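Trainee: predicted model and sequence below, questions to follow.
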Amino acid sequence: MKGGISAKAGGAGGAKRGGLEALRQNVLAFPILAWFGLFVGIPMVYVVVVSFLTRDDLGNIVWQFTLDNYRRIADPVYLRIFANSFLLAFLTGVVTLLVGYPVAYTTARLEPKRRNLAIGLIILPFWISSLLRTYGWVILLGNWGIINNVLTALGLIDQPLQLMYKFGTTLVGTAYMLIPFMIIAIYNSVDKLDKSLLEASYDLGAGRWQTFFKIVLPLTIPGIAGGFTLVFIPALGLYFISDLLGGGQTVFLGNLIHTLVNRGRNRPLAAAFSVGMIVMVILVVAICSRVTRSKREGFLL
Amino acid sequence: MKARVNRWQIIYLSVFFVVLYLPVLSVILYSFNANASTAKWTGWTLDWYRQLFNDRVIGQAFVISIEVAVLTAIVSAVLGTAAAVISLSLTERMKKAVQWVMLLPLLVPEVALGVSLLMFFNALRLPFGHLTLVLSHSLFCVPYVYVMVRLRLAEIDREIIESARDLGATKWQAIRTIVLPLVMPSIITSALLAIAMSLDDVVISTYMSGPRATTLPVHIFSMMRVGVTPKVNALCTLILLGTFLIIGLNQFVNIKSKPKGVV
């Protein structure tokens, strides 16, 4: 508190030299901004530039302006890949929300000791190799995998079920990988809920479900929107999951970009697809943050 | 507050945790299977681990990964902590700008970030290898250090720093003797997290690896693509063991540093 007051007093005294004072105060931040500008900002701008360039037969970038890459993206075959990726990322958001919400909600209402244990178990996968976690599903779902073995042993099936290499398999793997993000985001907003609102709702005669849909759900929408962003963005680019579990049956943006860079050596086209991917992210982030903001204002009014 | 959870909620939570850890446990279990395929369980063996230790390529990739992870952790700890401490004395606007910039690497899908860095470093003619790996990994590790150190800084009583200044300590002295020791546990935790994230990264490392510097995850991914072999299971199990050692170490550091804490 004391610090706050003295800082304010100092600020008032330096008001005349405001610009210079602020500059002196902020000068140490410039290296940080420069670091990220150099290694994130400039590469991003560079990708946009490359997406308008051509290449020679060896795959080297040639500085010649063209719109060809974007013309090729507009091809229905490629638009289909955009749609696939969007669908995968969107459904990952939906699945993690539906599965994760009850987990987050229940966890937030546990007694402190059990709650800490549950949170630990939710966070622990962050520390476990994502390749291992994907590979676990290969072992579980494969034709000679654990699930098929168990079902065969129980006499429920004669032939192994084809569980691998489907869109659904990739969806399961991606949702599994990212669900901790969704749960933590929702947990934080459930935890912040003003408990007296729930009491009031019960006192006024609302039932459990009514209270949930009328009070809890609307108030946790910022958490849901935040979780959706945290899940949607990585879901677009985790190509190793669709590679190992989807077997390339459905082509996603991540796999396509990866192939174009590594084998196709068509970097300008890969750059154009990357730009498309980033545009998709910007749209979703914009929508999610707008949802959050309108909810907040609505609540304040 | 009374905890109100019914039986169905507990059952749901338990089933969820079983599913969450089932794939992990399957990988561990089948690393001890004598049969090379998951089709049959033919008894326990340590053969796959033996094969692993004789694999020179894996050994090399492991050494490179560790080197990169440790360097990444050091770079990230220094940059992230510096950014968090500097944020203490910035104007509100600049604070927001720094926060926003820190979010940037996490807002870009990894493939897009990897490809853009590949093209950029290529244009700069940087040699691909340790340098590019550490640079790119620290991009997504610094924000975590920054956030964790800032959370800790927010807990520190400002008056302690004020008193130190009143008693004649310079700004730098106050930071070195008061702020840094207090945030040290957070720095260590986030540095260990940086090690784990660096050791785990596949997507960006694929683009940043040089001809003579392939990281372990990149190598494991190519092993997995070729086919299912318990050797991969054994390798994954060992990595898991290493990670848990790191977590244990971290818990130890946190517990040890707690009684001393002024706050």
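Mentor: Received, thanks.
Trainee: for the helix or strand hosting residue A:114, list the C-alpha coordinates in PDB.
Mentor: Secondary structure assigned from DSSP states H and E places residue A:114 in helix A:112-123. This file holds the C-alpha atoms of helix A:112-123, laid out as PDB (Å, rounded to 0.1, in the frame of the first residue of the first chain):
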ATOM      1  CA  PRO A 112      -9.500 -29.300  -0.100                       C
ATOM      2  CA  LYS A 113      -7.400 -32.500   0.300                       C
ATOM      3  CA  ARG A 114      -9.100 -34.500  -2.400                       C
ATOM      4  CA  ARG A 115      -9.300 -31.400  -4.600                       C
ATOM      5  CA  ASN A 116      -5.500 -31.000  -4.500                       C
ATOM      6  CA  LEU A 117      -5.100 -34.600  -5.400                       C
ATOM      7  CA  ALA A 118      -7.500 -34.300  -8.300                       C
ATOM      8  CA  ILE A 119      -5.800 -31.100  -9.600                       C
ATOM      9  CA  GLY A 120      -2.500 -32.900  -9.400                       C
ATOM     10  CA  LEU A 121      -3.800 -35.800 -11.400                       C
ATOM     11  CA  ILE A 122      -5.200 -33.300 -14.000                       C
ATOM     12  CA  ILE A 123      -1.900 -31.400 -14.300                       C
END
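Trainee: the residue in the stretch 1-150 of chain A that chain B sits nearest to: which element?
Mentor: Of all residues in the stretch 1-150 of chain A, the one sitting closest to chain B is residue A:136 (2.4 Å; Cβ to the nearest Cβ). Placement of C-beta: from N, CA and C, glycine included. Assessed by DSSP H and E, residue A:136 sits inside helix A:130-141.
Trainee: pLDDT of the next helix or strand after that helix, averaged?
Mentor: As assigned by DSSP H and E, the chain's next helix or strand after helix A:130-141 is helix A:146-153. Here helix A:146-153 scores 89 as its mean pLDDT.
Trainee: buried sites along helix A:146-153?
Mentor: Across helix A:146-153, burial judged by 16 or more other Cβ atoms under 10 Å in any protein chain shown covers A:146, A:147, A:148, A:149, A:152.
Trainee: what residues are up against the residue nearest to the first one when sequence neighbours are not counted?
Mentor: Going back to what we said before, that points to residue A:146. Of all residues not flanking residue A:146 in the chain, residue A:140 sits nearest, at 5.1 Å (Cβ to Cβ, 6 or more residues apart in numbering or on different chains). Applying Cβ atoms under 8 Å, 6 or more residues apart in numbering or on different chains to residue A:140 gives the contacts A:146, A:147, B:22, B:23, B:26.
Trainee: need the pLDDT of the last one.
Mentor: The predicted local confidence for residue B:26 comes out at a pLDDT of 93.
Trainee: can you check the third one too?
Mentor: The score at residue B:22 is 96. That number is its pLDDT.
Trainee: which residues touch the helix or strand harbouring it?
Mentor: Assessed by DSSP H and E, residue B:22 sits inside helix B:7-30. When contacts are defined by Cβ under 8 Å, 6+ apart, helix B:7-30 is touched by residues A:99, A:102-103, A:106-107, A:109, A:118, A:121-122, A:125, A:128, A:132-133, A:135-137, A:139-140, A:146, A:176, A:179, B:38, B:230, B:233, B:236-237, B:240.
Trainee: just the buried residues of that helix, please?
Mentor: B:9, B:12-13, B:16, B:20-24, B:26-28, B:30.
Trainee: centre of the chain to the helix or strand that that helix is followed by, how far?
Mentor: Later in the chain than helix B:7-30, the nearest helix or strand by DSSP H and E is helix B:47-53. Using Cα atoms, centre = their mean, to the nearest Å, the mean C-alpha position of helix B:47-53 is found 26 Å from that of the whole chain.
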